[in-house]
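K.L.:
please find the sequence and the predicted model below.
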Amino acid sequence: MNYNAGQPTPDTGNLQNYAADRQTGTISSEAAMEPDITLAGASLECRLRVRITAADAYNADISRMLCKAWAHLHPSSGDYLQRLHLLLHEAFSNALLHGSLEVSGFDRTSLDDLKRQECEILERLVQERYAQRAITVELARFDQSTIVAVEDEGPGYDDSAVLETTRGRGMHLIHEMSESVSLSNGGRRIAIVVGIRPGA
Amino acid sequence: MEITRNSLSDAFEVGLNGRLVFSENGQFREVVEELGHHQGKTLVFDVSHLEFIDSAGLGMLLIAKEEADKNSMNLTVRGAQGQVKEMFDISCFDSILSIE
């Protein structure tokens, strides 16, 4: 991870082991799918971009590490960072478990479903086809909001169906706690506007 | 996540510490699978030291509720604060579980 000289170095822990870099130009091709919510317009020092494989992401708390890094770059209130953390976590979990690893059935609630899901995840984490899929996270700070964008390399899914029925509790929460949500690239990319409330 | 257990005459108290997210489901499942040994008691989840819960964690609590019902146990969740309390509020969990 490369930071400009003179800028604070975030406490990113293991994040430095991953293929991560500060955004220094236009949005990369994976993310440039004409989303309804775009990161374009944020100044370069207000953007952060991380790319990680599903295999590396599963046992790492990426959303917390990213939020810590973001808090160093853009100090905000605890409440705001807590909301940002949860939204990033839910979007990232969807990209990892549903998108990259293609595990389904999280809406069902039984002990047997939990066991089956964990077995499927562990099986797929050792299959290159799933494990090497990358997840890209981008954060951009604007005057009145932060935009969180997460994109995976899975098969995608029907955008309209997802927005109408939601993708389980995670998507419900994302809609409840954010100002705006858009899906693009066949459902592989989600962009979330997290509004900055007074005092945040 | 660290889980503590305290078996009393009328209650099975389980302390959840840290983060309740999908990757912790193995530990959580172990607790739920033990409920058959505590039939008829009250199952208490003490979440006062739980720092973070996500949608998968909420789902796991619902699974515990289902298994508690099967074992004639009442389920109470105690001590929610901060992000955990906010998640319960947003999800209207007080209409599903007994929240203290």
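P.N.:
Looks like it came in fine. Computed from a predicted structure; not experimentally measured.
K.L.:
I'd say A:Tyr58 and A:Leu122 touch.
P.N.:
No - in this structure, A:Tyr58 is not within contact of A:Leu122 by Cβ atoms under 8 Å, at 9.1 Å. For every residue, glycine as well, the C-beta is placed using N, CA and C.
K.L.:
so the two - more neighbours on which side?
P.N.:
Using other Cβ atoms under 10 Å in any protein chain shown, the more surrounded residue of A:Tyr58 and A:Leu122 is A:Tyr58, with 19 against 11.
K.L.:
who are the contact partners of that one?
P.N.:
Applying Cβ atoms under 8 Å, 6 or more residues apart in numbering or on different chains to A:Tyr58 gives the contacts A:Leu96, A:Ile121, A:Leu125, B:Ser23.
K.L.:
which ones among these map onto strands?
P.N.:
Applying DSSP state E to the contacts of A:Tyr58, no entry is found in strands.
K.L.:
out of the residues you listed, which is most surrounded?
P.N.:
A:Leu96 (24 neighbours).
K.L.:
once you drop chain neighbours, what's closest to A:Ala71?
P.N.:
A:Leu81 (5.5 Å; Cβ to Cβ, 6 or more residues apart in numbering or on different chains).
K.L.:
if I look at the one you found, how far off is A:Arg64?
P.N.:
Between A:Leu81 and A:Arg64 the computed distance is 10 Å (Cβ to Cβ, to the nearest Å).
K.L.:
same check on A:Arg169?
P.N.:
Plainly put, A:Arg169 is 20 Å away from A:Arg64 if you go by Cβ to Cβ.
K.L.:
with neighbour numbers in mind, choose between those two.
P.N.:
More crowded of A:Arg169 and A:Arg64, by other Cβ under 10 Å: A:Arg169, with 21 against 16.
K.L.:
okay, now residue 77: neighbour count?
P.N.:
Unless you meant another one, I'm taking chain A. 13.
K.L.:
chain B, not that one
P.N.:
Neighbour number of B:Val77 under other Cβ under 10 Å is 23.
K.L.:
contact distance from chain A - what residues of chain B qualify?
P.N.:
By Cβ under 8 Å from any Cβ of the partner chain, the residues of chain B that approach chain A are B:19, B:21-23, B:25-26, B:29, B:32-33, B:52, B:54-56, B:58-60, B:62-63, B:66-67, B:82-83, B:86-87, B:90-91.
K.L.:
CA-only coordinates of the helix or strand hosting A:Ala140 in PDB, if you can.
P.N.:
Using DSSP states H and E, A:Ala140 falls within strand A:134-141. Below are the C-alpha coordinates for strand A:134-141, written out as PDB (Å, rounded to 0.1, in the frame of the first residue of the first chain):
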ATOM      1  CA  ALA A 134     -10.900 -10.700  -6.400                       C
ATOM      2  CA  ILE A 135     -13.000  -8.300  -4.400                       C
ATOM      3  CA  THR A 136     -12.400  -4.600  -4.900                       C
ATOM      4  CA  VAL A 137     -13.400  -2.100  -2.300                       C
ATOM      5  CA  GLU A 138     -13.300   1.600  -2.900                       C
ATOM      6  CA  LEU A 139     -14.100   4.500  -0.500                       C
ATOM      7  CA  ALA A 140     -14.400   8.100  -1.500                       C
ATOM      8  CA  ARG A 141     -15.100  11.000   0.700                       C
END
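K.L.:
so what touches it?
P.N.:
Strand A:134-141 is contacted from outside by A:23, A:27-28, A:30-31, A:39, A:42, A:46-54, A:57, A:62, A:66, A:70, A:73-74, A:88, A:92, A:95-96, A:99-100, A:146-153, using Cβ under 8 Å, 6+ apart.
K.L.:
bridged to the residue nearest to the spatial centre of chain B, which residues?
P.N.:
Centroid-nearest residue in chain B: B:Phe45, 4.1 Å away (criterion: Cα atoms, centre = their mean). For B:Phe45, the beta-bridge partners are B:Val14, B:Val77 (DSSP bridges).
K.L.:
surely it touches B:Leu62?
P.N.:
No - the pair B:Phe45 / B:Leu62 is not scored as a contact, 11.9 Å apart, by Cβ under 8 Å.
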